[in-house]
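> starting from these lines, generate the structure:
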Amino acid sequence: MSVSPTLSTIAGQAPVCKVEYCPHSNTIFLLLKNQALKYYNMSPMKGARGKVDYHIERLHLWTVNLGSQPVGLAVHPFNFSLLVLYSDIIKFHYYNCKTLFPAFLVTPVKHCRQAIFSPLGDKIVLANSHNYTIMDSYTFRTLNQVVLPNLLMQPSS
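I've put the predicted structure just below:
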C-alpha cells in the first residue's frame, strides 16, 4: 500500500515538504511547499451508522499560511507546542484544535535545517551542516553545542 496518494489527497495536490506525527494526540502536521501548514486529527470518528469514518474533510482541523517559506518543523510530544524552522530563525508556537497561535518566541539560528524534540520533550536538538545545538525546551537555554568534524579530505601538497 502506498502512502503517497493519500498525502497528495490530504495536501490538496500541493507538494509536501515535511510530515510530523504526534503519537500523544494522534495528529499529523503537513508542511507544504506553498507555505501552508495543515493540521489533522487522525483519531477515528464514528460515522452516521456507528462505523469508523476516515473522511479527509472530517479529519482536517485547520490550515494556516505561514507567510515566508519554512524549511522544517518539530512537534513537542506532550504540550501542544510547535517549532517552525526558517532559513535564519526559529519560531515557537502553541496550537490547539482550532488554531495556531502567534509565535511566543523567535530566536535567530543560522542555517538550521533539522530539529527534533527528545522523547520526553525536555530537550530540542537543532542541526545544520556544521554542528548540533542542544537546547532546554522549557527555558530555551543552550545546553551544549557539538561541532561536527570536517570529513572532506584536504589535498596534500
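> helix or strand for the spatially most central residue of the chain, which one?
The C-alpha lying nearest the average C-alpha coordinate of the chain belongs to L73 (C-alpha atoms, centre = their mean; 2.7 Å). Using DSSP states H and E, L73 maps to strand 72-75.
> who does that strand pair up with?
strand 81-85 (antiparallel) (DSSP bridges).
> re the thing from before, what about the residue nearest to the centre of the chain, distance to Q145?
Distance, L73 to Q145, using C-beta to C-beta, to the nearest Å: 22 Å. For the C-beta atoms, the positions are set from N, CA and C on the backbone; glycine is no exception.
> same check, this time on V109
Taken as C-beta to C-beta, the span from V109 to Q145 is 11 Å.
> L100 too?
Using C-beta to C-beta, L100 is found at 29 Å from Q145.
> compare neighbour counts for the two and give me the winner.
L100 (18 against 12; other C-beta atoms under 10 Å).
> give me the nearest residue to the more buried one, chain neighbours excluded.
In this structure, L100 finds its nearest non-sequential neighbour in V64, 4.8 Å apart by C-beta to C-beta, 6 or more residues apart in numbering.
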